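K.L.:
Just to be clear, the model below is a prediction. Sequence and coordinates:
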Amino acid sequence: MDYINRIKKSAVLGAAGKMGSGISLLMAQEMVAQALKPGNENTPFELIAVDVSEEALQGLKDYIFQQSRKKATKKAEDFRKRYPVFAGKEDEEVGLLYAEKVFSVLKLTTRLEDAARAGLVFEAVSENPELKTRLFDTLEKASSDKDIWYFTNTSSVPIHLLDEKASLDGRILGFHFYNPPAVQRLVELILTSRTKPGLRETALELARNMGKIIVPANDHAGFIGNGHFMRDALYGIAQAEKLANDMPVHEAIYRINTVSMQYLIRPMGVFQLIDYVGIDVVRYILGVMNPYYPAENLHSELLDTLFDQGIKGGQHHDGSQKDGFLQYKEGKAVAVYNPTLEDYVKINEFRQDSEQHLGAIPAEAPRWKDVIRDTDKEAKLSAWFTALGKLDSQGAQLACDYLRRSREIGRQLVRDGIALSEKDVNTVLLTGFFHAYGPINDYLI
């Protein structure tokens with residue numbers, strides 16, 4: 001079956017969720033892009049968007065319409081050149097017509113069985129192997145020809161496990177978008193030894209059409225992205241717990257968050273990133289991964305404590321940050337949670353003392369938002385880390401140790417056969433996490 005025939009009737013499970021909504025948007029737009037090509041005018045395209053809530057699906061409908069209109073209005077000149085249907089129309093008319101075409105391929109439903117008539121199903125529900133398997137089982141029983149291909153967005157569950165439990169006979173692969181899918185360019189592509197060849201070719205063509213950067217990963221729990229992030233986060237948590245032997249835990253968390261952002265030149269500190277993903281989500285992913293790595297302890301009692309105290313992080317529906325390790329006001333961290341006190345402590349109450357103990361950051365320290373766009377960033381980063389290695393302040397020492405541990409995690413992913421190369425590890429962290437440099441580097445050798 002060729003590409004068009006496979007994708008022309010597709011479905012997204014969990015379509016109104018954080019990941020599912022972005023996948024639905026991209027897939028609906030890809031369908032329209034194919035429908036507008038000469039020769040495809042009479043091909044019927046349908047995207048079956050499945051979720052449990054009618055209200056959430058209505059929100060998805062609005063999201064897809066508005067995002068599509070904005071995209072086409074912004075790129076109206078390009079649309080007029082590429083597609084005759086938009087010729088002679090004003091920018092706003094192009095935007096509206098394109099949004100209507102994208103909207104026209106959508107079928108919103110709360111009935112899972114409706115997806116059984118799709119040739120390609122994207123699964124974007126929560127990181128729960130039992131739930132995923134149950135959904136696949138239901139679709140397999142409802143399918144007349146048992147020829148559905150499954151692209152799962154899991155970021156941690158081994159693909160072969162889902163294949164075996166749902167008896168899919170190689171009709172599944174990992175197609176891991178990064179959040180938010182409509183913006184993030186990275187896709188991790190995970191095959192198993194049983195994955196049918198046609199799935200890979202379709203996945204590669206789809207990813208290219210969506211403008212994604214494709215990084216292959218072998219089928220090990222967590223893959224490359226979470227394989228690095230989960231271990232990196234656990235290291236940061238362990239370092240904060242170590243500091244907490246000599247200071248209140250909220251100050252220790254603040255110091256490690258500061259070091260991992262400002263000293264390591266990252267877009268977020270490690271605790272802020274955990275909050276962004278969600279303490280509950282990070283904790284659950286660690287629970288999924290831990291049994292597959294018996295030589296490691298991929299678990300955090302501190303995460304358990306915060307979860308039990310109702311501190312979960314994550315994001316509100318409008319994308320704003322929920323409180324987690326840090327408390328946020330207008331997008332900025334203003335306090336840090338102390339699980340002993342079961343309350344937040346304002347950063348202004350201890351910032352000065354903490355930063356004095358960390359040591360002054362040299363004036364030449366580059367900022368992430370400047371470095372990320374700098375064509376000479378490699379030289380500046382090299383100079384920065386060379387200078388950092390010569391300092392004896394607490395902040396510099398913590399940062400150097402963190403940098404080395406991050407590099408070792410990256411190399412471990414290659415040694416364990418999870419990543420195919422060091423370059424792939426660096427691409428995932430550079431692209432999927434917006435880091436200014438890859439974790440496998442020559443700094444502080």
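P.N.:
Nice, I can see it. Numbers count the residues shown, from 1 in each chain.
K.L.:
gap between stretch 330-342 and the chain center?
P.N.:
Offset of stretch 330-342 from its chain centre (C-alpha atoms, centre = their mean, to the nearest Å): 24 Å.
K.L.:
Stretch 254-267 now?
P.N.:
Stretch 254-267 sits 20 Å away from the centroid of its parent chain (C-alpha atoms, centre = their mean).
K.L.:
What are the buried residues along that stretch?
P.N.:
Neighbour-count burial for stretch 254-267 flags 254-266 (criterion: 16 or more other C-beta atoms under 10 Å). Glycine gets a C-beta too; all of them are placed from N, C-alpha and C.
K.L.:
Likewise for stretch 139-155?
P.N.:
139-140, 143, 148-155.
K.L.:
rewinding a little: how about the buried residues of stretch 254-267 in JSON lines, adding secondary structure?
P.N.:
Formatted as JSON lines, these follow (DSSP: H, G, I helix; E, B strand; the rest coil):
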{"residue": "Y254", "secondary structure": "helix"}
{"residue": "R255", "secondary structure": "helix"}
{"residue": "I256", "secondary structure": "helix"}
{"residue": "N257", "secondary structure": "helix"}
{"residue": "T258", "secondary structure": "helix"}
{"residue": "V259", "secondary structure": "helix"}
{"residue": "S260", "secondary structure": "helix"}
{"residue": "M261", "secondary structure": "helix"}
{"residue": "Q262", "secondary structure": "helix"}
{"residue": "Y263", "secondary structure": "helix"}
{"residue": "L264", "secondary structure": "coil"}
{"residue": "I265", "secondary structure": "coil"}
{"residue": "R266", "secondary structure": "coil"}
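K.L.:
And the furthest pair within those?
P.N.:
Within the buried residues of stretch 254-267, Y254 and I265 form the most distant pair, 18.2 Å apart (C-beta to C-beta).
K.L.:
TSV please, covering the buried residues of stretch 254-267 and showing pLDDT and distance to T431.
P.N.:
Output for these, formatted as TSV (pLDDT from 0 to 100; distance: C-beta to C-beta, whole Å):
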residue	pLDDT	distance to T431
Y254	98	29
R255	98	29
I256	98	25
N257	98	23
T258	97	25
V259	97	24
S260	97	19
M261	97	19
Q262	95	22
Y263	96	22
L264	97	18
I265	97	16
R266	98	14
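K.L.:
ok, the residues you listed vs G39, which is closest?
P.N.:
Using C-beta to C-beta, R266 is the member of the buried residues of stretch 254-267 that lies nearest G39, at 47.3 Å.
K.L.:
The closest one: what's it in contact with?
P.N.:
260, 368, 435-436 (C-beta atoms under 8 Å, 6 or more residues apart in numbering).
K.L.:
Which residue, other than its chain neighbours, is closest to S300?
P.N.:
Of all residues not flanking S300 in the chain, I237 sits nearest, at 5.2 Å (C-beta to C-beta, 6 or more residues apart in numbering).
K.L.:
out of the contacts of R266, which are inside helices?
P.N.:
Among the contacts of R266, the residues falling in helices (DSSP state H) are W368.
K.L.:
Same list (the contacts of R266) but as CSV, adding distance to D318.
P.N.:
Below are the contacts of R266 laid out as CSV (distance: C-beta to C-beta, whole Å):
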residue, distance to D318
S260, 27
W368, 24
H435, 26
A436, 28
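K.L.:
and K346, how many residues sit next to it?
P.N.:
Residues near K346, counting by other C-beta atoms under 10 Å, number 12.
K.L.:
Would you confirm that it contacts A333?
P.N.:
No. In this structure K346 lies outside contact range of A333 using C-beta atoms under 8 Å: 10.4 Å.
K.L.:
ranges for the strands of the stretch 251-400 of the chain?
P.N.:
326-329, 332-338, 343-346 (DSSP state E, counting those that start in this stretch).
K.L.:
wait, what's in contact with S155?
P.N.:
By C-beta under 8 Å, 6+ apart, the contact set of S155 is 127, 176, 188, 222-223, 225-226, 285.
K.L.:
Thank you, goodbye.
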